[in-house]
Structures are given as C-alpha cells and as structure tokens.
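S.K.: Next comes the sequence, and after it the predicted model I'd like to discuss.
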Amino acid sequence: MSFIKDKAKTKGGTKMYETKTVGEIGVDSGQVLLIDPCYIKKDTLGNEEMNYTRNNRSEVNFLNDPTLDNKKNFYTNVCERTTVGEGFGNTQNGFATATTHGDGTYKVEGIFKDGVLQGFYVNFSDDTFTVKVEETEEDYYW
C-alpha cells in the first residue's frame, strides 16, 4: 500500500489517497480494452478474428469481416486502434491500448479516498511512479 498526497484545491490541508492492488489483467493479445460490457454486442463480433492483410512492406490493411455485412468486426476495430498511430485511443465506446510490453499479467492499482474507489491505473512496465491526484469542481458529477 502506498499513499498519494494532494495539496491542490483542498479544504483544510492535505488529503491522503491510498493506493493498493485491486486485481490484475491477463493479456494474450498485447492490448487491453476498458469498456462497459453492454457495448459488446453479439452482432458486432462476427468471426471474432483480426481480419487483415499484410503487403510485402509489412503494411497492414484491416478488412471487413466476411461474416458481417460490409463492416469490420469488434476485435478488428480494437486491433486497428492499438496498432495504428499512438497505439491507444477510443474505439467501440471504450478505450483501447497496447500494453507496450506484450502479453502477461498486469496489476490493477486502485486509488481510494476515505475507503472509496476513486479511479485506477494499470502499470505496463516494471517502473514505479507517483500518481498525482487533483480535485476540481468539475470532478463531481452527482
């Protein structure tokens, strides 16, 4: 367990945020997807494969799923997001990213304030780092 001190925009001094391991993510495709499960629809899965071709210059062309009506399947869309450009971003109403270190098991670290989960992060490296937490009025939605 570790603690994060936040002095920014606090009332009455320093707030303490506790971090602790809350789980882990198993990775077998070198990527992860954060999504509300209700957005994973059976009719978007198709053949559940990454449909692509690669030319002699190793350039990848992502293809439509032959089992779907002229569109890419869910998995192909996620793979395209994590292999093109920065390797992360929004797709399929979720957020996808390459792991940067390939397959394996990665710890999920929760950030807690007063025992309530405020957020989490996944560390894809062996490096340790400090997470800074800042609160603003826009952070409160309820």
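M.R.: Received it, and whenever you're ready, just let me know what you need. These numbers were taken from a predicted model, which means no experiment stands behind them.
S.K.: for this structure, longest strand please?
M.R.: The residue-count maximum for a strand in the chain (DSSP state E) belongs to strand 15-27.
S.K.: That one pairs with which strands, parallel or anti?
M.R.: Here strand 15-27 has these sheet partners by DSSP bridges: strand 2-6 (antiparallel), strand 104-113 (antiparallel).
S.K.: which stretch in those has the least confidence?
M.R.: Here these differ in mean pLDDT, and the lowest is strand 2-6 at a mean of 53.
S.K.: returning to that earlier point: quick check: next helix or strand after the longest strand of the chain?
M.R.: Downstream of strand 15-27, the first helix or strand assigned by DSSP states H and E is strand 31-35.
S.K.: how far out from the middle of the chain is that following strand?
M.R.: 4 Å (C-alpha atoms, centre = their mean, to the nearest Å).
S.K.: swap in stretch 50-62?
M.R.: Between the centre of stretch 50-62 and the centre of its chain there are 24 Å (C-alpha atoms, centre = their mean).
S.K.: Tell me the buried residues in that stretch?
M.R.: Applying a neighbour-count criterion of 16 or more other C-beta atoms under 10 Å, one finds M50, N51 buried in stretch 50-62. Where C-beta positions appear, they are placed from N, C-alpha and C, glycine not excepted.
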